[in-house]
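Participant: sharing a sequence plus its predicted fold:
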Amino acid sequence: MTRRHVVIRGRVQGVFFRDSLRSRARELGVNGWARNAGDGSVEAVFEGSEGALDALVAWSRQGPPRARVDEVEVSEEQVKGEQGFSVW
């Protein structure tokens, strides 16, 4: 089990990024959360297998069709045992 903190910058608010991210996370069996940040980015935490997290981070670099991703910042964190995938 691995945990990653992810910040996605670009045109990522108002384009169904978080909802699409939640759908993809559920398909991959990834737990965590995503929220809009005050600076216009989307902040997220992913917990799951390394392969699933790699796939979700790769998806985050593209996002849904209306998004424009300029930067994805990823850092490793200590696993906390997230359950499900929440969007705030």
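Facilitator: Sure thing, it's come through. Residues are numbered from 1 along each chain as shown.
Participant: any idea how far the residue nearest to W88 when sequence neighbours are not counted lies from S49?
Facilitator: Distances taken as C-beta to C-beta, 6 or more residues apart in numbering put R35 closest to W88, at 4.1 Å, once the chain neighbours are dropped. Yep, even glycine has a C-beta here, placed from its N, CA and C like the rest. Going from R35 to S49 by C-beta to C-beta, to the nearest Å gives 23 Å.
Participant: what of E43?
Facilitator: Note on E43: its distance to S49, by C-beta to C-beta, is 22 Å.
Participant: quickly list what the residue nearest the centre of the chain is bridged to.
Facilitator: Centroid-nearest residue in the chain, with C-alpha atoms, centre = their mean: A44, separated by 4.6 Å. A44 has the following beta-bridge partners by DSSP bridges: V6, A34.
Participant: still on that earlier bit, more neighbours: E43 and S49, which one.
Facilitator: Neighbour count, other C-beta atoms under 10 Å: between E43 and S49, E43 has more, with 18 against 13.
Participant: so what touches stretch 59-78?
Facilitator: The contact list for stretch 59-78 (C-beta atoms under 8 Å, 6 or more residues apart in numbering) reads 2-12, 15-17, 20-21, 24, 44-45, 57.
Participant: look up how far E50 lies from V87.
Facilitator: Computed as C-beta to C-beta, the V87 to E50 distance reads 23 Å.
Participant: neighbour count winner among those two?
Facilitator: Each of V87 and E50 had its neighbours counted (other C-beta under 10 Å), and the higher figure belongs to V87 (15 against 10).
Participant: excluding sequence neighbours, find me the nearest residue to the more buried one.
Facilitator: Counting by C-beta to C-beta, 6+ apart, the residue nearest V87 is R18, at 4.5 Å.
Participant: can you pull out the helices in the protein?
Facilitator: 17-28, 50-60 (DSSP state H).
Participant: what's the most buried one of those?
Facilitator: For those, average neighbour numbers computed from mean count of other C-beta atoms under 10 Å are highest in helix 17-28, which has a mean of 19.
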